[in-house]
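> Fold the stuff below for me.
(chains A and B)
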Amino acid sequence: EDQVTQSPEALRLQEGESSSLNCSYTVSGLRGLFWYRQDPGKGPEFLFTLYSAGEEKEKERLKATLTKKESFLHITAPKPEDSATYLCAVQAAGTYKYIFGTGTRLKVLA
Amino acid sequence: DAGVIQSPRHEVTEMGQEVTLRCKPISGHNSLFWYRQTMMRGLELLIYFNNNVPIDDSGMPEDRFSAKMPNASFSTLKIQPSEPRDSAVYFCASSTRTGLGLGSSNQPQHFGDGTRLSIL
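Below is the predicted model:
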């Protein structure tokens, strides 16, 4: 069964303290892995798509990487405005469905 | 560009009442998804439309739930009768799907800001 597990469930960082969020997945052929950011009271906001192992994408302080079993979202020198829930989703080959993880709640303290 | 628009943003109603949630997808997108989000289960896909046609409604929890997409710019999710366990945030998302079958590809899904539904 296709599955996505995110860790940790929650993370508190001091401003400037870099860290990584993990997304482990099992899927029968990966079509794409997606990272989203969700702020309270808002819908998930698309960040990145990764398609194959070894691929990396960057946006401001965020960098997403992908292996055959997991993806990492690296946050470099975070700021309080990076506080949000970060969601990971996978799409299996031959399907349209996204399987979402339950997210990592990130809090960055000033 | 306008994103996915959902209404209402909040709905509070009593058990047994009919609830209708509305969604306007991004113009030009031909795929539309309805999700439900709860603390316990996260984001769950309820139904998927492609070119206004329901493709997969296996996530719809019960016959009390129904969804329609009468045209490319509007979709509704209806619950009748509503129950307290239906309380959740309901999201609509849209994307572009090109090609057919295994050769098809999806652009990322873009979400609306959801409807927070409370059934008393």
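> residues contacting the residue in chain A that chain B sits nearest to?
Here chain A gets closest to chain B at one residue, A:G43, 3.4 Å apart by Cβ to the nearest Cβ. Where C-beta positions appear, they are placed from N, C-alpha and C, glycine not excepted. If you count contacts by Cβ atoms under 8 Å, 6 or more residues apart in numbering or on different chains, A:G43 has them with B:4, B:91, B:93, B:111-114.
> Which one of these sits in the busiest neighbourhood?
B:A93 (27 neighbours; other Cβ atoms under 10 Å in any protein chain shown).
> The helix or strand of chain A with the lowest mean pLDDT and chain B, are they touching?
Scoring the helices and strands of chain A by mean pLDDT, DSSP states H and E places strand A:98-100 at the bottom, with a mean of 92. Yes. Interface with chain B: strand A:98-100 contributes A:98, A:100 (Cβ under 8 Å from any Cβ of the partner chain).
> Tell me which residues of the helix or strand just after that strand come out buried.
Reading on from strand A:98-100 to the C-terminus, the next helix or strand found by DSSP states H and E is strand A:104-109. Burial within strand A:104-109, assessed by neighbour count using 16 or more other Cβ atoms under 10 Å in any protein chain shown, is assigned to A:104-106, A:108.
> Redo these as TSV? Include distance to A:S83.
Output for the buried residues of strand A:104-109, formatted as TSV (distance: Cβ to Cβ, whole Å):
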residue	distance to A:S83
A:T104	11
A:R105	9
A:L106	6
A:V108	5
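> Can you tell me which of these is closest to B:P81?
A:R105 (34.1 Å; Cβ to Cβ).
> Mind listing the residues bridging to the closest one?
With DSSP bridges applied, A:R105 shows beta-bridge pairing to A:A10, A:T85.
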